[in-house]
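Participant: The following comprises the amino acid sequence and a computationally predicted model.
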Amino acid sequence: MKKTLAAWFSLIALCLLLAACGARDGAASSSRAERGKPRVAVDSMAVMLRRAPAANASIGPDGSLRIDDIELPLPQAQRTQLQQLFMQLQMQRQRTLETAAPDPNMRSVGFTTTPEISALQNAVLHDIPSLQPYQESFGNLQAERR
């Protein structure tokens, strides 16, 4: 009898614990949907272009372009354009994070484009055909806190 009662108590406690761990008001599904949106994520060392189902593309500080971790050979003029875009995005990221409220969860912060970023974005989308699938991503710029 005592073993059965202890087993039932353990089962009920486990169910309550699992229920308490679940997200409230669909927060998990909304955050998953947010992560699935096309975006440009700017962190301290790279600019990531994300758009499902396309592979991730990254722009390095030297103007290198990698799609699905494969570096694409680019003429120097295009590398220079990507390097300038990288620098402009980094500067805007820094300005955004300086004024953003602290977040213990380290969530990214959306930021707006500048005329310089828009001009460089249009140039690289025009000059580098491999970036065409990521055009929609530039509508959602995110400053990563890392």
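Facilitator: Yes, it's here.

Participant: quick one: the helices in the protein?
Facilitator: 2-21, 27-36, 76-99, 115-127 (DSSP state H).

Participant: Tell me the buried residues in the last one?
Facilitator: Under the neighbour-count criterion of 16 or more other C-beta atoms under 10 Å, helix 115-127 has Ile117, Leu120, Gln121, Val124 buried. Bear in mind the C-beta positions are built from the backbone N, C-alpha and C, glycine included.

Participant: ok, and what's touching that helix?
Facilitator: 77-78, 81-82, 84-85, 88-89, 92, 113, 131-132, 134-135, 138, 141 (C-beta atoms under 8 Å, 6 or more residues apart in numbering).

Participant: same check, this time on the longest one
Facilitator: If you take C-beta under 8 Å, 6+ apart as the criterion, helix 76-99 is touched by 40, 42-44, 47, 59-65, 74, 109, 111, 113-114, 116-117, 120-121, 123-124, 127-128, 141, 143-145.
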